[in-house]
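A.B. asks: sequence unknown, structure follows:
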């Protein structure tokens, strides 16, 4: 049995689940950036995690450890590009 999540952890998980459910919308608006999500809304975005966290904290009054962060990839990403073609 998994331990009960703290309220802060539960809120972060809910915001990350929201981001996953709205991935297409996020992709259309934000590409190759970190987004900060609070109360199921994007409150800040950018290429630097510390800057995004700082802006989100300033806008929401939350501490950085209370803010859900996720990276929105843009375009085509190829993993394992070094592998030889068969």
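C.D. replies: Nice, I can see it. Treat the numbers as computed from the prediction; the structure is a model and nothing was measured.
A.B. asks: Can you name the residues bridging to residue 34?
C.D. replies: residue 46, residue 71 (DSSP bridges).
A.B. asks: Could you count how many residues lie near it?
C.D. replies: 20 (other C-beta atoms under 10 Å). In this view, the C-beta of every residue, glycine as well, is placed from N, C-alpha and C.
A.B. asks: per-residue confidence for it?
C.D. replies: The per-residue pLDDT reported for residue 34 equals 97.
A.B. asks: distance of residue 74 from residue 34?
C.D. replies: According to C-beta to C-beta, to the nearest Å, residue 74 stands 12 Å off from residue 34.
A.B. asks: same question, residue 69
C.D. replies: 6 Å.
A.B. asks: what does residue 54 give?
C.D. replies: Residue 54 is 12 Å from residue 34, by C-beta to C-beta.
A.B. asks: Now residue 16: closest residue in space that isn't a chain neighbour?
C.D. replies: residue 68 (5.0 Å; C-beta to C-beta, 6 or more residues apart in numbering).
A.B. asks: can you check residue 74 too?
C.D. replies: residue 31 (2.5 Å).
A.B. asks: Return the residues in contact with that neighbour.
C.D. replies: By C-beta atoms under 8 Å, 6 or more residues apart in numbering, residue 31 lies in contact with 72-75.
A.B. asks: now do residue 60
C.D. replies: Here residue 60 is in contact with 38, 43, 67 (criterion: C-beta under 8 Å, 6+ apart).
A.B. asks: returning to what we had before: could you pick out the buried ones from the contacts of residue 31?
C.D. replies: Using 16 or more other C-beta atoms under 10 Å as the burial test, these include residue 72 as buried.
A.B. asks: From the contacts of residue 31, which land in strands?
C.D. replies: Judged by DSSP state E, the contacts of residue 31 include residue 72 as members of strands.
A.B. asks: want to throw the contacts of residue 31 into CSV with pLDDT and distance to residue 27?
C.D. replies: Formatted as CSV, these follow (pLDDT from 0 to 100; distance: C-beta to C-beta, whole Å):
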residue, pLDDT, distance to residue 27
72, 94, 6
73, 90, 8
74, 82, 7
75, 70, 10
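A.B. asks: Of the contacts of residue 60, which is the most crowded?
C.D. replies: residue 67 leads the contacts of residue 60 on contacts (other C-beta under 10 Å) with 22 neighbours.
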